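A.B. asks: turn this into a model:
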Amino acid sequence: MFKLYLRLLGFLRPHVKVLVVAVLCMTAFAAFSGGIVALVVPFSRLIFYGGDIEGKGLPSTAVIHVPPAVSPATPGSAAPVAPLQTPSRTHESRLKEIQNSLRDRTYAIVRGHDRVETLGRFCLLILFVFVLKNIFWYAQNFLIVVVEQGVIRDVRNTLYRHYLKLPVEYYNEARAGMLVSRITNDVTILRGGIANGVAQGIRQTLLVVAYLIAVLSANWHLFLLTLIVAPPAFYLIDRIARRLRRYSSRSQERMADLTGALQETIGGVRVVKAFNLEGHMRSRFERINQAFATATIRMNRTGALAPPVTEILGAGVGVLTFYIGGREIVRGTGMDAGNFLMFIVALFALMQPIRTLSSVNIEVQQGLAAAKRIFEVIDTEPTVRERDGAAAMPSPICEIRFDRVDFSYVEGVPVLAGIDFRIPAGEMVAIVGPSGAGKSTLVDMIPRFYDPQGGRVLVNGVDIRDISIEGLRHAIGLVTQETVLFDDTIAANIALGRPGATPEEIAAACRAANAEPFIAALPAGYETQIGDRGVKLSGGQRQRLAIARAILKNPPILILDEATSALDSESEALVQEALERLVVDRTTFVIAHRLSTVRRAGRILVLNGGRIIDQGTHESLLTRGGLYRRLYDMQFHDLPSAAPAPTPAPPAPNTIE
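C.D. replies: Numbers count the residues shown, from 1 in each chain. Okay, the predicted model is just below:
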């Protein structure tokens, strides 16, 4: 866990300057807190003794008389030998000198002509110290918030950047709720383990030092009695921390389940309502929510043990020392009342930062549990990576080749096996086959959503793994059945194809995509907000915006993946017309598209079981029979003749799957 915490502290590095200033403010705050305790002695002497603040008319500098180590010389004996100054005695004398020097300076400031004037000055001094103490308290709290939020921002940015690097394959396996929980809930918990934990740790440690100095100044012998609380307290806190870290990890996992359930309900609300699943989903959510509540209760129940255990042990020792010291004062054999009062005040003041430190340990343990989960994601190596010295995308593109490509999602279950074909620039190739044949996986190899596990994909004879990923994907346009739009304006969604495009260029792309008529009918036109995933638009409208985005990008390679299969006949006709403009002079891959587009393809690849079992034009494949002919007959069995017409009149509403 120590290495994990050191790695976590690495996020503090960009904010170290602000943190140093905050620590200086904490030091001043702790010093003034200890100073307030130290003022107990002169105040008690002024009130209790009825003399000046030095107590019973003692001079400003007390003389320390050290008793002789041997008896005075007797007749006939040698001269007395001066006592040896032991290290502890010398240390004690120096401590007294420092105390006396500080006391004299304070007395010089507050001493008046009489007790009333001295009391007034003393009260002003106390007020002044409190003002300074709280100024530094405000400053260090404000600066720590700056550090804390900066760290949280940096962790979220790092995690989000890594999300963008992860391949499509990772998202196929990871739960969306888990990924959302990592970047929201886990990062929020992380603040307790890093910025807030470090700040509180430094602040409370400095307070412990300040109060400890006051305690030692009053009576270091008596303080030794308080140390008996340390071993059992540290042992108990360590045991509690280990259990807390385990429960915290479980609680965060349940939060990921909760987030996932909520996302599924919101994303699938139409299905939930259509199938009357409200009761089922409610029971499922309540079960997950109860599991989260149980885990959180266990975590907090364990975490709540540390502060009271620490305080009870500390209070027990405090009462013991109070009794021993008070008994000595009553008997007149111990220190004076002023020093004893300072000792007691400082000792009990010491308990608060110690108790807070135990709470800080709880936050740190929770933060470490969150950090472990976050670093699990950050440490996930992308399976699709750019090689060192990657070349630019070849231009112009002359040929795309699949060279004996193999791929599988699960070991031993091939999705693609020995895929081998060439496509010259500007040709349209259609890919058809039954569900699960590997059509989408094949075209996903081109933009490197996946990398082949065997074989190569080549552009102009260059393995695409040797080409810059950004340059490769810049040359590819993608239009899918499930159109991806963002909660922004129409213009902003289209401009994603080419950032910085002018309004005129955006409008021209929309005209080519048959999208301009419906955009012009909207009250805000191109500035219309289309909602999450474009829910304010129809399926055909969303698809035309996706085509406009591809037209604006103007890529040399185009991938159409079931681009019209979910549209009604009217929308399909408009989209089909836009697609015909889009595919001109581009190397185009079409997956199971409408019959008119499949017919226009220069070549059709027939996939089955991850292999190309046949290829050719529409007419030649029908003539040879085989799987393509069977698929065609199943889709068009209601037609009077199986023979295709050379130029069909409107596009057929069926799809070859």
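A.B. asks: show me the helices in the stretch 501-650 of the chain, by range?
C.D. replies: Applying DSSP state H, counting those that start in this stretch to the stretch 501-650 of the chain gives helices spanning 503-512, 516-520, 539-553, 569-582, 595-600, 618-624, 626-635.
A.B. asks: list the helices and strands the shortest one packs on?
C.D. replies: Same thing as helix 516-520. If you count contacts as 3 or more Cβ pairs under 8 Å, 6 or more residues apart in numbering; DSSP states H and E, helix 516-520 packs onto helix 503-512. Placement of C-beta: from N, CA and C, glycine included.
A.B. asks: run through who's touching the helix it packs on.
C.D. replies: Contact partners of helix 503-512, identified using Cβ atoms under 8 Å, 6 or more residues apart in numbering, comprise 491, 494-495, 497-498, 516, 519, 526, 544-545, 548-549, 551-552, 578, 581-582.
A.B. asks: of the helices of the stretch 501-650 of the chain, flag the one that's most buried.
C.D. replies: Compared across those, helix 539-553 shows the largest average neighbour count, a mean of 24 (mean count of other Cβ atoms under 10 Å).
A.B. asks: any idea of the mean pLDDT for the helix or strand hosting L244?
C.D. replies: For L244, the enclosing helix or strand under DSSP states H and E is helix 230-267. Averaged over helix 230-267, pLDDT sits at 72.
A.B. asks: part of a strand, is L458?
C.D. replies: Yes: per DSSP: H, G, I helix; E, B strand; the rest coil, L458 lies within a strand segment.
A.B. asks: that one: neighbour count?
C.D. replies: Counted by other Cβ atoms under 10 Å, the residues lying close to L458 total 19.
A.B. asks: run through the bridge partners of it.
C.D. replies: Beta-bridge pairing for L458 (DSSP bridges): R401, D463.
A.B. asks: I'd say it and D403 touch.
C.D. replies: Yes: using Cβ atoms under 8 Å, L458 is in contact with D403, at 6.0 Å.
A.B. asks: hey, what's in contact with both of those two?
C.D. replies: With Cβ under 8 Å, 6+ apart, L458 and D403 have no common neighbours.
A.B. asks: about what we covered before: could you export the helices of the stretch 501-650 of the chain as a markdown table, including distance to V606 and mean pLDDT?
C.D. replies: Output for these, formatted as a markdown table (distance: least, Cβ to Cβ, whole Å; pLDDT from 0 to 100):
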| stretch | distance to V606 | mean pLDDT |
| --- | --- | --- |
| helix 503-512 | 32 | 90 |
| helix 516-520 | 37 | 89 |
| helix 539-553 | 26 | 87 |
| helix 569-582 | 22 | 74 |
| helix 595-600 | 11 | 68 |
| helix 618-624 | 7 | 89 |
| helix 626-635 | 5 | 82 |
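A.B. asks: contact partners for the closest residue in space to M445 that isn't next to it in sequence?
C.D. replies: Distances taken as Cβ to Cβ, 6 or more residues apart in numbering place V457 nearest to M445, at 5.2 Å, with adjacent residues excluded. Going by Cβ under 8 Å, 6+ apart, V457 touches 400-403, 405, 445-446, 463-464.
A.B. asks: again, only using 7 Å
C.D. replies: 402, 405, 445-446, 464 (Cβ atoms under 7 Å, 6 or more residues apart in numbering).
A.B. asks: now do the SS call for I494.
C.D. replies: helix.
A.B. asks: and it, how many neighbours does it have?
C.D. replies: If you count neighbours by other Cβ under 10 Å, I494 ends up with 29.
A.B. asks: test my guess that it contacts I551.
C.D. replies: No: here I494 does not reach I551: they are 8.9 Å apart, not a contact under Cβ atoms under 7 Å.
A.B. asks: next SSE downstream of the helix ranked longest in the chain?
C.D. replies: Secondary structure of the chain read by DSSP state H shows that its longest helix is helix 115-165. Using DSSP H and E, the helix or strand that follows helix 115-165 in sequence is helix 168-173.
A.B. asks: and R282, how far is that from F292?
C.D. replies: 16 Å (Cβ to Cβ, to the nearest Å).
A.B. asks: same check on Q263?
C.D. replies: Taking Cβ to Cβ, one finds Q263 at 15 Å from F292.
A.B. asks: now swap in Y628 and tell me
C.D. replies: 52 Å.
A.B. asks: could you do L485 as well?
C.D. replies: L485 sits 33 Å away from F292, going by Cβ to Cβ.
A.B. asks: out of these two, which sits in the more crowded spot?
C.D. replies: The neighbour comparison of L485 against F292 (other Cβ under 10 Å) goes to L485, with 23 against 19.
A.B. asks: isn't that one right up against N493?
C.D. replies: Yes: assessed by Cβ under 7 Å, L485 is found in contact with N493 at 5.1 Å.
A.B. asks: common neighbours of those two, please.
C.D. replies: Shared contacts of L485 and N493, defined by Cβ under 7 Å, 6+ apart, comprise 530, 545.
A.B. asks: next one, pLDDT for A30 please.
C.D. replies: With respect to pLDDT, A30 has a value of 84.
A.B. asks: quickly find the element holding it.
C.D. replies: Using DSSP H and E, A30 falls in helix 16-38.
A.B. asks: just checking, what packs against that helix?
C.D. replies: Packing partners of helix 16-38 (3 or more Cβ pairs under 7 Å, 6 or more residues apart in numbering; DSSP states H and E): helix 115-165, helix 195-226, helix 337-378.
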